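# What follows is a predicted protein model with its sequence.
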Amino acid sequence: MKRDKVLSWDEYFMGLAHLSAMRSKDPSTQVGACIVNPYNRVVGIGYNDDEFPWEREGSTLETKYVYVVHAELNAILNSTTSLQGCTLYVSLFPCNECAKAIVQAGIKKIVYESDKYADTDIVKASKRILNAAGVSLCQIEQAIKVSVEKIKL
Ligand code: ZN
């Protein structure tokens with residue numbers, strides 16, 4: 001008998017984004033992203049990462065902000081093909097810097113989960129950039145939680 005409660009495509013790709021986020025070493029924010037082409041094939045995946053300090057406060061050179069590569073940009077840079085017309089799934093709404101890369105890459109749709117920084121200038125600028133480029137923005141209806149259990153063989 002066929003299983004009827006399978007994940008939707010949106011749930012599946014957002015789940016992949018969350019799984020990818022589990023690779024992040026950032027102690028405060030783990031973000032994952034997954035890029036999918038119009039045939040529902042994954043063509044890029046990423047998480048926020050670097051090997052530098054993870055501090056949030058202090059002198060600029062000791063904070064994470066100047067070093068980190070965001071999940072969206074990692075997914076774009078790691079992509080295996082042209083991203084024209086693709087959809088980006090991301091667990092947190094992209095910042096303005098990622099928005100520029102998303103537009104330049106030709107990504108046409110963003111499915112996001114959290115928008116917890118909506119009131120910041122960074123996200124306001126990001127939305128202005130994405131709207132001006134005609135990228136459609138779509139918040140997933142339900143948050144996705146992925147858990148990985150390791151079981152002794
Ligand atoms: Zn970003």
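Noted; the coordinates are in hand.

# would you list every one of the strands in this structure?
Under the criterion DSSP state E, the chain contains strands at 32-36, 42-47, 87-92, 109-114, 136-139.

# Could you identify which of those strands is most buried?
Mean neighbours per residue, mean count of other C-beta atoms under 10 Å, is largest over the strands of the chain for strand 32-36, with a mean of 28. Where C-beta positions appear, they are placed from N, C-alpha and C, glycine not excepted.

# And Ser114, how close does it get to the ion?
13 Å (C-beta to the ion, to the nearest Å).

# Quick check: chain neighbours aside, which residue is closest to that residue?
Leu92 (4.9 Å; C-beta to C-beta, 6 or more residues apart in numbering).

# Now tabulate the strands of the chain in CSV and tack on mean pLDDT.
CSV is the format used below for these (pLDDT from 0 to 100):
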stretch, mean pLDDT
strand 32-36, 97
strand 42-47, 96
strand 87-92, 98
strand 109-114, 98
strand 136-139, 98
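
# Please convert those strands to CSV, extending it with distance to Leu7.
Formatted as CSV, the strands of the chain follow (distance: least, C-beta to C-beta, whole Å):
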stretch, distance to Leu7
strand 32-36, 13
strand 42-47, 14
strand 87-92, 13
strand 109-114, 14
strand 136-139, 17
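
# Perfect, that will be all.
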